[in-house]
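model the structure of this input:
(2 chains)
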Amino acid sequence: EPEVTQTPSHQVTQMGQEVILRCVPISNHLYFYWYRQILGQKVEFLVSFYNNEISEKSEIFDDQFSVERPDGSNFTLKIRSTKLEDSAMYFCASRPGQGIGEQFFGPGTRLTVL
Amino acid sequence: SQQGEEDPQALSIQEGENATMNCSYKTSINNLQWYRQNSGRGLVHLILIRSNEREKHSGRLRVTLDTSKKSSSLLITASRAADTASYFCATVRNSGNTPLVFGKGTRLSVIA
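Residues are numbered from 1 along each chain as shown, chains lettered A, B, ... in the order given. Presented below is the predicted three-dimensional model:
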């Protein structure tokens, strides 16, 4: 069964460093999302992406964040200069197409900023 | 902003018992979805209920939706130890490419 994959599973970085979190959505899906979950808190939306552009972003998704779909399969989230409060689980999700429906989540990347 | 808020925050039951989790939200929605998360893992979609539906079943899961009260409930019948996980409701504002808005979740522990 197709699934969303994410790499790495755990990333440790120093404050101020850039990180890139990678996701491979399910191949025929058209809509892509990043969410994050700070330990013990709820899952929060960061950004949605469709047709090679951002369709919606939350207040969390400031200028330090960017997303890219560089090669038609990968979907990346870049944090330019990490802060301690960026420590969280980051989930990628995708869904097939128009209309309502479930989102398919990857297993997440745990980002630890020291 | 619309938010799903679940209660209880934590629920501990014996295997075989039923578990009921509730979710409330603030604004109009197109649909409401329930997801499950095992500790430290990704989210798995369980069931979706549209705003014009009142009840939906899937196996041992039963979801109700009351749009007048802006609330939903998830019932898991005949619970098993393997049902131990966190359960989140997530609302969707409209039928387009809108994100899921998650509640805080209910941590369910099923004791064998």
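
C-alpha from now on. contacts and neighbour counts both.
Will do.

pull up the residues of chain B that are close to chain A.
Listed as neighbours of chain A in chain B under the rule CA under 8 Å from any CA of the partner chain: B:31, B:33, B:41-45, B:48, B:95-105.

quick one, which of those are buried?
Listed as buried from those are B:31, B:33, B:41-45, B:48, B:97-105; burial here means 16 or more other CA atoms under 10 Å in any protein chain shown.

which regions of chain B lie under the pLDDT threshold?
Residue ranges of chain B with pLDDT under 70: B:1-4.

now the residue in it that chain A sits nearest to. Nearest residue, chain neighbours left out?
Closest residue of chain B to chain A, CA to the nearest CA: B:G42 (4.2 Å). Using CA to CA, 6 or more residues apart in numbering or on different chains and skipping residues adjacent in sequence, the residue nearest B:G42 is A:P107, 4.2 Å away.

check the secondary structure at the one you found for me.
coil (DSSP: H, G, I helix; E, B strand; the rest coil).

which ones are touching it?
A:4-6, A:9, A:91, B:41-43 (CA atoms under 8 Å, 6 or more residues apart in numbering or on different chains).

mind pulling the model confidence for the closest residue in space to A:E18 that isn't next to it in sequence?
Using CA to CA, 6+ apart and skipping residues adjacent in sequence, the residue nearest A:E18 is A:R80, 4.5 Å away. Here the pLDDT value assigned to A:R80 is 96.

so A:R80 versus B:N30, what's the distance?
35 Å (CA to CA, to the nearest Å).

distance check, the residue in chain A positioned nearest to chain B against B:G40.
With CA to the nearest CA, the shortest gap between chain A and chain B falls at A:P107, namely 4.2 Å. Distance, A:P107 to B:G40, using CA to CA: 9 Å.

could you do B:L75 as well?
Where B:G40 is concerned, B:L75 sits at a distance of 23 Å (CA to CA).

more crowded one of the two?
Comparing B:L75 with B:G40 by other CA atoms under 10 Å in any protein chain shown, the one with more neighbours is B:L75, at 17 against 13.

beta-bridge partners for that one, please?
Judged by DSSP bridges, the bridge partners of B:L75 are B:T20, B:R62.

how about the residue nearest the centre of chain A, what does it touch?
Central residue of chain A (CA atoms, centre = their mean): A:W34, 3.2 Å from the mean position. Going by CA under 8 Å, 6+ apart, A:W34 touches A:45-48, A:77, A:90-93.

which one of those sits in the busiest neighbourhood?
A:C92 (31 neighbours).

neighbouring strands - and their directions - for the host helix or strand of that one?
If you go by DSSP states H and E, A:C92 is part of strand A:88-95. In the sheet, strand A:88-95 lines up against strand A:31-37 (antiparallel), strand A:104-105 (antiparallel), strand A:109-113 (antiparallel) (DSSP bridges).

dump those to TSV, plus distance to A:G97 and mean pLDDT.
Compiled in TSV, the strands paired with strand A:88-95 are given as follows (distance: least, CA to CA, whole Å; pLDDT from 0 to 100):
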stretch	distance to A:G97	mean pLDDT
strand A:31-37	7	95
strand A:104-105	12	94
strand A:109-113	25	97
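
closest one to A:R22 among those?
A:R22 lies closest to strand A:109-113 among those, at 8.6 Å (CA to CA).

before I go, just wanted to say thanks for your time.
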